[in-house]
Every structure is written in structure tokens, then in C-alpha cells.
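*Asks:* What follows is a predicted structure for the sequence shown.
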Amino acid sequence: MTGQRPDQSRPDAPAAHPQPNTPPHIPVLVDAVLAALAPRDDALYVDATFGGGGYSVALLAAARCRVFGFDRDPDAIRYGRELAERHDRRLTIIEGRFGEMVHLLAPFATGPFATAPFATGPIAGIAFDLGVSSAQLDRPERGFSFRFDGPLDMRMSRDGQTAADLIASLSETQLAELIRELGEERFAGRVSRAIVAARQRQPLQRTAELAEIVRAVIPKSEPGQDPATRTFQALRIAVNDELGELDRGLVAAEQLLMPGGRLAVVSFHSLEDRRVKQFLQRRSEGAPRSSRHFPAPLAAAAPAFRLLSRRAIRPDAAEIARNPRARAARLRAAERTASPPWPPDFARPHRRPRKKQPA
């Protein structure tokens, strides 16, 4: 899916999932992603966040390859299956979370992959475009955006706990911590107090209502960014377990990629980018030496990736002019080595020490 843009108030957001006979949306950093993945004929690729199919279509156009597209949004799945009919069976759409790619790809596997699912697999490249899609933001009934009034939902897969359920169930302290950690909101304490005060009068059920509560207690200091942006981001990430899903997705990619296979991850905010950066740095440097913290069997892991670039790749001015959604994007890419995947003990990312924020 197309990643979330920090400024959701932009007036130029694309419409919801296009119909097959309409022009597709503009995928972010597509040229850089293709350069990183280097698609070739007869190879298998994964578009882990299918959304509007931008990366999938670009891969299919670049080489006579096959693409598996994953998404947990039923709308994206419906659109993807219509799109797949136009690509001569080279595009396969799979409904599910990308953190479960290893399991979900098993029915399609042949050869060594079928008998050793946790060994290096047959996939030549995997692309991630993290966050919420423009199609989701632009549909008020999905409840992702503060630009429209709609139910306070925010579920990508349309099952499980909604944002309204989450707000109703958390204490003021828990809400403040969630908004501070997942939204990186300096005024999380003020926001949580205002939310708790409002829900004591009546349950919070609408996006417009929540947005006004947040705007009333946060000074508008960042040009072009609505004060409600960070709170909505935090709730959406929590509802969909986006960071946990990212951790699982990166580990799945490590297991599936063949030696020489490429990984390309586009993120749109620092929480995502930091996780990707730390994962790839650790996997490219090798495990630490044996110590009392890491027993010898776990400390023996060799580098599983080779970084293609030390720095994140960002869009240039020309791409931002063509596609304003790209302005916050960061691409990190790496190549799989022939070493076995790392043990699960190394899957958890480092946590930054939390700084004290204003109340």
C-alpha cells in the first residue's frame, strides 16, 4: 500500500482505489525501488504492500517476471484481482499480512522452498511501501483521516478493535504513552487529558470530533501540518500493530530472499525508518561476539544482508514536484547474502531512551 504522508491535509490527495480502466496512482520512489530490485526475466518478486499496485505494475513492465502482491485491505484485494486479469497470470494477489508471507506463500512453493521454508528462499526481490494508503485516507467511512468526518475506525483489514474502541478502553496514562511513543507527539499529556474529559461526557465515535479535541489543545506550530496528525498516526499504528507487523515482515523477507535477492523498503516517518535502519545495520554487520548477554550459539550469526547504500535515498525535487506525496519518503535497500537467516532472538529492534516531554 502507499505509505502515509505526514501532511494528510494536502488538497491534492489521489482518489480511492482506481478502477482497472483508469490511470494508476503514482508510486513513490518507483525508479529508485526498481534500481534497487533490478528485476529480471523469470524471477519471482513480492510486493508486500500492494495497495494500488504501483510497484507490482512497474516490476511487471520492467521484466518478464512474476509478482506476488500482499495486502490485508479487502478493497485493495478486489482491485488487485481485477488488475491481475490483465497481466497474463504473472500477478498473484494474496490477502493477508506481510508478516505472514512465509506461511502464505507456502501453497505456491515448489522445490527446496517447500521442504525448507526457513532456509533462504527463491524470491529475487521484495518491496515494502509502508503506512496507510491514499485510497484509505480519502474514504471517510474508513476513519483514517481528520480531513473528513467519519466513524473512528482506522482498521486496515476491517476486523478487530477500532480506534474508537481503543480510545474508550485506555486510561489517561496509557493514552498519553501511546500518543507520545507512536505519534512522537510532544503534547501527548494535554491530548490524553482532553480525550478523557470528552469521553466522560459521551463516547468518542467520529473522526471530526476527535480532530477538534486535539486541535483545541495543541498549538499549530508546523507549517502545512494539522495539529491532529500525530495523534491520528499513533492511533492508526496501534490499531493495526504496524510496527510489530514491520518487524515480522522484515524477518520474513530475510527468510524468503535468495542469495543475491534484493530488499527495498520505503517509509514515511521516523518510527518506521528507524526500525528498518536498525534491522539492516545489525544484519549487515554480523552478530556481536559471545558474551553473558548473547550465548555463543546466538553470537555466531554471519551478516545476512549487504547494504546497497549507507544512507536513505530520498526523492529529488523533480519527483516531489510531480508527486507531492513523495516528499517524506525514505528508501533503504539491501542485498541478501548466502548466510542463513538470523535466529529469532535477534528480531527485536533496539529501543531509544524516552525523553521527557512537556505535559
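*Replies:* Perfect, thanks for sending it.

*Asks:* Hmm, residue 143 and residue 163 touching each other?
*Replies:* Yes - assessed by C-beta atoms under 8 Å, residue 163 is found in contact with residue 143 at 6.5 Å. Every residue, glycine included, has its C-beta placed from N, CA and C.

*Asks:* Can you work out which residues contact both of the two?
*Replies:* Contact criterion C-beta atoms under 8 Å, 6 or more residues apart in numbering; residues shared by residue 163 and residue 143: 152-154.

*Asks:* Looking at those residues, which is nearest residue 169?
*Replies:* Nearest to residue 169 among those: residue 152, at 12.9 Å, using C-beta to C-beta.

*Asks:* what sits against that closest one?
*Replies:* By C-beta under 8 Å, 6+ apart, the contact set of residue 152 is 143, 162-164, 167, 204-207, 209-210.

*Asks:* ok, which pair from those residues is furthest apart?
*Replies:* Greatest spacing in the contacts of residue 152, by C-beta to C-beta: 162 and 209 (14.1 Å).

*Asks:* Looking only at neighbour counts, state which of the two leads.
*Replies:* The neighbour count for residue 162 versus residue 209, taken as other C-beta atoms under 10 Å, is higher for residue 162 (19 against 14).

*Asks:* hmm, back to that, what would the shared contacts of residue 163 and residue 143 look like in CSV with pLDDT, distance to residue 174 and secondary structure?
*Replies:* Shown next, in CSV, are the shared contacts of residue 163 and residue 143 (pLDDT from 0 to 100; distance: C-beta to C-beta, whole Å; DSSP: H, G, I helix; E, B strand; the rest coil):
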residue, pLDDT, distance to residue 174, secondary structure
152, 95, 17, coil
153, 94, 20, coil
154, 94, 17, coil
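
*Asks:* sorry, back to before: type out the ChimeraX command that picks the buried ones from the contacts of residue 152.
*Replies:* Restricted to buried positions by 16 or more other C-beta atoms under 10 Å, the ChimeraX selection for those reads:
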select :143,162,163,164,167,204,205,206,207,210
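
*Asks:* Strands along this protein, start to end?
*Replies:* Listed in chain order, the strands of the chain (DSSP state E) span residues 44-47, 66-71, 91-95, 123-129, 257-267, 305-307, 330-336.

*Asks:* Quickly run through the sheet partners of the second one, with directions.
*Replies:* It refers to strand 66-71. Applying DSSP bridges, strand 66-71 is found paired with strand 44-47 (parallel), strand 91-95 (parallel).

*Asks:* Is it possible to get those strands out as TSV so that each row also shows distance to residue 137, mean neighbour count and mean pLDDT?
*Replies:* Shown next, in TSV, are those (distance: least, C-beta to C-beta, whole Å; neighbours: other C-beta atoms under 10 Å; pLDDT from 0 to 100):
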stretch	distance to residue 137	mean neighbour count	mean pLDDT
strand 44-47	20	27	97
strand 91-95	21	20	96
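
*Asks:* Which of those sits closest to residue 57?
*Replies:* Nearest to residue 57 among these is strand 91-95; the distance by C-beta to C-beta comes to 8.3 Å.

*Asks:* Using PDB, list the CA coordinates for that closest one.
*Replies:* In PDB, the C-alpha atoms belonging to strand 91-95 read as follows (Å, rounded to 0.1, in the frame of the first residue of the first chain):
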ATOM      1  CA  LEU A  91       0.400 -11.200 -10.900                       C
ATOM      2  CA  THR A  92      -1.000 -13.200  -8.000                       C
ATOM      3  CA  ILE A  93      -2.900 -11.300  -5.200                       C
ATOM      4  CA  ILE A  94      -2.800 -12.800  -1.700                       C
ATOM      5  CA  GLU A  95      -5.000 -11.500   1.100                       C
END
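
*Asks:* Thanks a lot, see you next time.
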